[in-house]
Every structure is written in structure tokens, then in C-alpha cells.
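> show me how the following folds:
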Amino acid sequence: MGLLSDLLTRPFKRPAKDAPPPAPERRGAQRYATTLPILLRRFELPPFATSLIDISTTGAAITLHDWDAPEPAPWPARLKHGDEIALAGLLDVPLAAWVVVANEGVLRVRFLMDDTVRTKLHEMITRLATAE
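Modelled structure (predicted):
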């Protein structure tokens, strides 16, 4: 009987009427959906062909084709937070970035750039935005 009485007297938590709004978008820069092909590069490893999912002036999301392939998985599938890579084929110079998160076949990166590269990236994104 103790179990039944515990179930009947257990307090029921009802959802709050005034639930807080969803968390605001953490990313400050507007993102643009795209499927631009790029190459990922890292040290002495072979380049890895892939494409962007979206891009902003501060970072990008990259789809990793064959990320769940049987061993050995391609090297981008083994990247983790903080690893540095370069994106080639997007600008006339490689675009340095560090990995923010890698999961489920998507790699999210934050760009590391000087003012010259930042200007080139901004111009490219402006062209993308006006083409929509």
C-alpha cells in the first residue's frame, strides 16, 4: 500500500503559465544559407572536399560528406572543439578557422582573420545576400 499512496500523493508539477521566452540567438552575425563547395585543409593532411551549409562574417557551418563512413573515417570527422583548420576555395586566400563544434556530420567553425581577409569575406557575403 505504501507504493500506491506514494503515487497518489506525489505532487504534480504543472507548466508555468508565463514560461520564459526562448533563449535569444547567440550568434551576432546574420547567417546566409549556401551550398558553396570548399576544401578543408589541415597541416600535412590531404585536402577534404565538402560544402558550406551557411556562412556569416564570423563563422560557418560545413557539411561533412561521408562523416559516418566505416573506419578509417575521414580526418574532418575526428575534429574537435578548438582544432584549427583552413577553408580553401572560398576566397582568393585560405580562410583560417577554429572548430566550435563537430557533430552529426556538421562542422561549425569560427573564422580567424585579419582586416584584409575580413573585408574580402564581407564583400563575398554581400554578393551572396544580394543574390538571394
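> all strands of this structure, in order?
In the chain, strands defined by DSSP state E lie at 32-33, 37-41, 48-55, 59-63, 84-88, 95-103, 106-112, listed in chain order.
> hey, which of those is tucked in deepest?
Of all the strands of the chain, strand 59-63 has the most neighbours on average by mean count of other C-beta atoms under 10 Å, namely a mean of 20. In this view, the C-beta of every residue, glycine as well, is placed from N, C-alpha and C.
> returning to that earlier point: of all the strands of the chain, which lies closest to E71?
Ranking those by distance to E71, with C-beta to C-beta as the measure, places strand 48-55 first at 16.3 Å.
> how big is the angle separating the closest one from strand 59-63?
Going by axes from the mean of the first three to the mean of the last three C-alpha atoms, to 10 degrees, strand 48-55 is angled at 130 degrees with respect to strand 59-63.
> tell me which strands strand 48-55 pairs with, and in which orientation.
strand 32-33 (antiparallel), strand 37-41 (antiparallel), strand 59-63 (antiparallel) (DSSP bridges).
> perfect, I'm done here.
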